[in-house]
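Novice: okay, here's the prediction I keep looking at, along with the sequence it came from:
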There are 2 protein chains.
Amino acid sequence: MKKTKQIEQNAKTVNKYLNSKLKGNPKKLYDAAGHLIVNGGKRLRPYMVIRSCQILKGKVSNAMPAASAVEMVHNFSLVHDDIMDNDEMRHGVPTVHKKFGMPIAILAGDVLFSKAFQVITDSKLSASATTQLVSRLSKACVDICEGQLLDVKMAEEKKIPSQAEYISMIGKKTAALFDVSCAMGAICATNKPIDISNLSSFGRNLGIAFQITDDLIGVMGDPKITKKPVGNDLREGKKSLPILMAIKLAKGNDKKIILKAFGNSKISRKDLNKSVEVIRSLGIEQNVRKQALKYAEKAEKSLAKYSGPAKTELISLLDFVVKRSV
Amino acid sequence: MKKTKQIEQNAKTVNKYLNSKLKGNPKKLYDAAGHLIVNGGKRLRPYMVIRSCQILKGKVSNAMPAASAVEMVHNFSLVHDDIMDNDEMRHGVPTVHKKFGMPIAILAGDVLFSKAFQVITDSKLSASATTQLVSRLSKACVDICEGQLLDVKMAEEKKIPSQAEYISMIGKKTAALFDVSCAMGAICATNKPIDISNLSSFGRNLGIAFQITDDLIGVMGDPKITKKPVGNDLREGKKSLPILMAIKLAKGNDKKIILKAFGNSKISRKDLNKSVEVIRSLGIEQNVRKQALKYAEKAEKSLAKYSGPAKTELISLLDFVVKRSV
């Protein structure tokens, strides 16, 4: 896919910048902070910062501090999430707390967070633009924390959430950082509120479409690509959009089959496959894809008045995000 | 003590401001974030922000966002430290992770951190002053993370650190936040680099004097006040200044007695008391107090050119910090 090459090229530039900022003493702290970063990742959020700056005729170099800040915040949240969920692997490597121990992992997350704000103030933008960046980024961080706890609460409660509750949760947990990535990119190029708001809206809607698609992959994704068994999220009892849609829609025996698999870590592979088949037969995939497309269309509309190569790339990123195969 | 009343009065104002900022949904997240704050604390750091602003003729209201930000950062580091050390009690109440569970405690720390930067950008200061505040605070947060890991490393290693290594560690772990508290207070009043640098130096030296005195209390403090047995830090094997001085200075049988207690959780009360007596007989208390006084004098010198009630209060805080009884 052509898009992937563009993203890869961008990732290299961002990685170089990130590595130069994630150095210090004690070395172990920075090794832990950089662990997930050096082991992969597409740098989608920095890509969005940079293209959002370019679509408004801003210079890439002006967007680099903000681009690396959002990646640091993203990684901070991954490191702490992995501790909370006690996950052992991410991107095919041990999680930070598995490799470095829990105390260092907490600190690694904290130092990523601190550095994110430090790099922003190191930028050459006006003080007023810098203040706006900090204000938006800190607000997004608050949203991420709130969204994360909403997610934990949703998982703990017996109640199946409504679609609106689910969208509100991922709006904070996931989309807030996509939103702020594009808004920050815009701020690096302009001080016009309408442009900042357009890019912010693009990012938010793309973020929701991204998470919805991710959730679909979590249930129906090809095990060869996801490296997890088909139906993994169902077995883990995740209350993601396809699952809550399926539970709501299914009747009689279908519902029984789905609920038997839901949150049942001991279910057989055969029964798990069967419940995924039921979900498929209910037309959940089309339904969820329709939802993702709805947000993707909103995102596209936000960029209606712009043109040029950066727009083309943002739109093609949007396609990439929602059309990822399951 | 007269000083205490001033600090108490200030704490009430700061608490009110803090409470108004630490609200949101889900409520549990903010209950966890505010748990240590509502259960005590002297708000020394906000006090320093406010008085540092006043000594330079700034308005208290201008310093309130920065004052609450440093308290949030202080609490964020307490919450995460308690998880790392697996401590069960603080200020006489259960730690956040004991009361709310580890995942919520991690998030509570993270949201305190995020809110700290958010309140700063909410202030009515100029964009240039705000950028300076963010730059200094984020740098201090990086220092705190580095200092925390240096502390963990120092504790793990067999080697007894030198006095210089110890001072460098507490410079980051503790004094960085005192430093930035005073510097931020100054920035809320003025943009003159010399004044900001004077207050920064006052805070740093006070912070070191504070930590050294704290460490003395950790070894020789009155159990009725510290709520811990005499010699507690010795038994826990903490490499604090009085302990590393004592190990260096002691000879023969004295050294044996001290090393028997050092890091020995099973030592009898009698043997622990005996080793504290040996440390006392070596003149460690006077020696450590002399060190604390040295930093206190440096701190006082930084304020030489100022006068007025805020100066009197900062100096009397300095006295309070270094003369606390053990």
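Specialist: All right, it came through fine.
Novice: got the contact list for residue A:314?
Specialist: A:48, A:51-52, A:55, A:202, A:303 (Cβ atoms under 8 Å, 6 or more residues apart in numbering or on different chains). In short, each C-beta sits where N, CA and C put it, glycine included.
Novice: so which residues of the stretch 1-150 of chain A form helices?
Specialist: In the stretch 1-150 of chain A, the helices defined using DSSP state H, counting those that start in this stretch lie at A:2-21, A:27-38, A:44-55, A:60-85, A:96-100, A:102-121, A:127-156.
Novice: tell me the most buried of those?
Specialist: Comparing those by mean neighbour count (mean count of other Cβ atoms under 10 Å in any protein chain shown), helix A:44-55 ranks first with a mean of 28.
Novice: my guess is residue A:257 contacts residue A:274, does it?
Specialist: Yes: the pair residue A:257 / residue A:274 is scored as a contact, 6.0 Å apart, by Cβ atoms under 8 Å.
Novice: would CSV of the helices of the stretch 1-150 of chain A with mean pLDDT and distance to residue B:197 be doable?
Specialist: Below are those laid out as CSV (pLDDT from 0 to 100; distance: least, Cβ to Cβ, whole Å):
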stretch, mean pLDDT, distance to residue B:197
helix A:2-21, 88, 25
helix A:27-38, 97, 28
helix A:44-55, 98, 34
helix A:60-85, 97, 25
helix A:96-100, 98, 36
helix A:102-121, 97, 18
helix A:127-156, 96, 20
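Novice: make a markdown table out of the ones you listed and add distance to residue B:182.
Specialist: Listed next are the helices of the stretch 1-150 of chain A as a markdown table, based on distance: least, Cβ to Cβ, whole Å:
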| stretch | distance to residue B:182 |
| --- | --- |
| helix A:2-21 | 27 |
| helix A:27-38 | 26 |
| helix A:44-55 | 34 |
| helix A:60-85 | 27 |
| helix A:96-100 | 34 |
| helix A:102-121 | 19 |
| helix A:127-156 | 21 |
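Novice: wait, residue A:255 touches residue A:247, no?
Specialist: Yes: between residue A:255 and residue A:247 there is a contact under Cβ under 8 Å: 7.1 Å.
Novice: how about the residues of the stretch 201-326 of chain A near chain B?
Specialist: By Cβ under 8 Å from any Cβ of the partner chain, no part of the stretch 201-326 of chain A sits against chain B.
Novice: flag the shaky bits of the stretch 201-326 of chain A, pLDDT-wise.
Specialist: Regions of the stretch 201-326 of chain A meeting the criterion pLDDT under 70 cover residues A:325-326.
Novice: show me where it has its helices.
Specialist: Going by DSSP H, counting those that start in this stretch, the stretch 201-326 of chain A shows helices at A:223-226, A:232-235, A:241-249, A:252-261, A:269-281, A:284-302, A:309-323.
Novice: can you pull the contacts of the nearest residue to residue A:47 once chain neighbours are set aside?
Specialist: Leaving out its chain neighbours, the residue that sits closest to residue A:47 by Cβ to Cβ, 6 or more residues apart in numbering or on different chains is residue A:10, at 4.9 Å. Contacts here follow Cβ under 8 Å, 6+ apart; on that basis residue A:10 touches A:43, A:46-47, A:50.
Novice: phi first, then psi, for residue A:57.
Specialist: Per-residue torsions, residue A:57: phi 70, psi 20 (degrees, to the nearest 10).
Novice: correct me if wrong: it contacts residue A:188.
Specialist: No: with contact defined as Cβ under 8 Å, residue A:57 does not count as touching residue A:188 (11.0 Å).
Novice: what touches both of the two?
Specialist: Counting by Cβ under 8 Å, 6+ apart, no residue touches both residue A:57 and residue A:188.
Novice: what about these two, which has more around it?
Specialist: residue A:188 (29 against 11; other Cβ atoms under 10 Å in any protein chain shown).
Novice: ok, now which ones touch the more buried one?
Specialist: Contacts of residue A:188 (Cβ under 8 Å, 6+ apart): A:49, A:53, A:58, A:62-63, A:66, A:123, A:125, A:129, A:133.
Novice: now residue A:241
Specialist: Contacts of residue A:241 by Cβ under 8 Å, 6+ apart are A:163, A:166-167, A:212, A:215-216, A:288, A:291.
Novice: from the residues you listed, which would you call buried?
Specialist: A:166-167, A:212, A:215-216, A:288, A:291 (16 or more other Cβ atoms under 10 Å in any protein chain shown).
Novice: farthest-separated two in these?
Specialist: A:167 and A:216 (14.4 Å; Cβ to Cβ).
Novice: residues contacting the residue lying closest to residue A:135 once chain neighbours are set aside?
Specialist: Spatial nearest neighbour of residue A:135, excluding adjacent residues (Cβ to Cβ, 6+ apart): residue B:121 at 3.7 Å. Residues in contact with residue B:121 (Cβ under 8 Å, 6+ apart) are A:131, A:134-135, A:138, B:130, B:134.
Novice: repeat for residue A:231
Specialist: A:219-220, A:261, A:272-273, A:275-276.
Novice: from the residues you listed, which two are the most distant?
Specialist: Distances among the contacts of residue A:231 were taken as Cβ to Cβ; the most separated pair is A:220 and A:261, at 13.1 Å.
Novice: one step back: distance of the residue nearest to residue A:135 relative to residue B:229?
Specialist: From residue B:121 across to residue B:229, the span is 45 Å (Cβ to Cβ, to the nearest Å).
Novice: now residue A:297
Specialist: 67 Å.
Novice: ditto for residue A:146
Specialist: In terms of Cβ to Cβ, residue A:146 sits 41 Å off from residue B:229.
Novice: now do residue A:90
Specialist: In terms of Cβ to Cβ, residue A:90 sits 43 Å off from residue B:229.
Novice: before we move on, the earlier item: most packed of the helices of the stretch 201-326 of chain A?
Specialist: Buried most deeply of those, by mean count of other Cβ under 10 Å, is helix A:232-235, with a mean of 23.
Novice: wait, residue A:246 touches residue A:258, no?
Specialist: Yes: using Cβ under 8 Å, residue A:246 is in contact with residue A:258, at 5.6 Å.
Novice: shared neighbours, those two?
Specialist: A:278-279.
Novice: which other residues reach stretch A:78-94?
Specialist: A:33, A:35-36, A:39-41, A:95-99, A:102, A:105-106, A:108-109, A:112, A:148, A:152, A:227, B:102-103, B:106-107, B:110.
Novice: 6 Å instead, please
Specialist: Applying Cβ atoms under 6 Å, 6 or more residues apart in numbering or on different chains, the contact partners of stretch A:78-94 are A:36, A:39-40, A:95-98, A:105, A:108-109, B:103, B:106.
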